[in-house]
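Trainee: build me a model:
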Amino acid sequence: MSQQPTSNETSWFTEAHQASGSSIGFRTEQLLHAEKTPFQTIEIHQTTDWGKLMVIDGCVMLTSRDNFLYHEMMTHPALFTHARAKRVVIIGGGDCGTLREVLKHEEVEHAVQVEIDERVTRLAEQYFPELCEANGDPRAELLFIDGIKYMAEAEPDSLDLIIVDSTDPVGPAEGLFNAAFYASCYKALRHGGLLVQQSESPLAHLELIKSMRSAMRTSGFSAVKTLPFPQPCYPTGWWSCTMARKGGDLSGFRERGASAKNFPTRYYNAEIHKAALAQPEFMREALGD
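Mentor: Modelled structure (predicted):
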């Protein structure tokens, strides 16, 4: 639900979330951009307090103010869990914030971002340039193609980390949440490799998380772990990512490396990582962790 302001007044963009019977809204000053691409409808709003706001098909994707929570938790826990991730693929992630965080890690030699809709990236470059700072890094490769097809055709045992930075499991992203896709990821990963996928809200989407984890295990992954984190702009204000490992477990991470990281973060640190591995009681009971 969106109420568009004129140039001289404020209004509100509100996203109603039927599954949780709740909504989240942002006071806005101006609609900066709106277009319908071959894949989806994208809007960019200027808010009064949260910077710029990107909306896709009526759903909030990110704000300038709080996107660091999501981007850091989608990347650094996995990269500090893997012994040394050299080759990384990001499926989705067109705003490029995840790519920026991945390339803060010096051990990464090549990071491919596979985004189906090029307009997401071009609008991010225009309205969220701080997220696109690593786009020109020689280790970065941007592809605007179908991520499901890309993973199905990926060379076996060629990747260390796959990050699925997708929208909700509807429309173009629907095929990223099933056993067939996870099987493609499993095949492409080297032994010890990791898959991490955004897994919605534990408060509103626990059944989806359970289904994802079951499908990951069915596809061959030996260990699965769901990490919750705050995300004010998403339904319920609480989000998660789910990691799966090809061989080995997910009981620990390179804590010393995380503590001594030589790059800035705003949310992630070794203590946050440890805390995210601890499961609230209702998640522990439902997921078996």
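Trainee: what packs against the lengthiest strand in the chain?
Mentor: Ordering each strand of the chain by length in residues (DSSP state E) puts strand 22-36 first. Packed against strand 22-36 by the contact rule (3 or more C-beta pairs under 8 Å, 6 or more residues apart in numbering; DSSP states H and E) you find strand 11-17, strand 41-47, strand 52-56, strand 59-63, helix 118-127. C-beta: built from backbone N, CA, C; applies to glycine.
Trainee: and the strands in the stretch 51-200 of the chain, which stretches?
Mentor: Using DSSP state E, counting those that start in this stretch, the strands of the stretch 51-200 of the chain run over 52-56, 59-63, 87-92, 110-114, 140-143, 159-165, 189-198.
Trainee: for those, give me CSV that also has mean neighbour count.
Mentor: As requested, those are exported to CSV (neighbours: other C-beta atoms under 10 Å):
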stretch, mean neighbour count
strand 52-56, 22
strand 59-63, 21
strand 87-92, 25
strand 110-114, 21
strand 140-143, 16
strand 159-165, 26
strand 189-198, 23
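Trainee: just to revisit the earlier point, let me have the helices and strands packed on strand 22-36 in a markdown table, extended by distance to G220.
Mentor: Output for the helices and strands packed on strand 22-36, formatted as a markdown table (distance: least, C-beta to C-beta, whole Å):
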| stretch | distance to G220 |
| --- | --- |
| strand 11-17 | 33 |
| strand 41-47 | 36 |
| strand 52-56 | 32 |
| strand 59-63 | 31 |
| helix 118-127 | 31 |
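Trainee: which of those sits closest to E271?
Mentor: strand 59-63 (25.0 Å; C-beta to C-beta).
Trainee: walk me through the domains of this structure.
Mentor: With domains defined by automatic domain parsing, the chain comprises 11-63, 67-287.
Trainee: any idea which of these is most buried?
Mentor: With neighbours defined as mean count of other C-beta atoms under 10 Å, the domains of the chain peak in mean count at domain 67-287, which reaches a mean of 19.
Trainee: end to end, how far does it reach?
Mentor: In domain 67-287, first residue to last residue: 27 Å (C-alpha to C-alpha, to the nearest Å).
Trainee: sorry, back to before: may I see the strands of the stretch 51-200 of the chain arranged in a markdown table, with mean pLDDT and distance to S214 as well?
Mentor: A markdown table is the format used below for these (pLDDT from 0 to 100; distance: least, C-beta to C-beta, whole Å):
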| stretch | mean pLDDT | distance to S214 |
| --- | --- | --- |
| strand 52-56 | 98 | 28 |
| strand 59-63 | 96 | 25 |
| strand 87-92 | 97 | 20 |
| strand 110-114 | 98 | 25 |
| strand 140-143 | 98 | 30 |
| strand 159-165 | 97 | 16 |
| strand 189-198 | 97 | 13 |
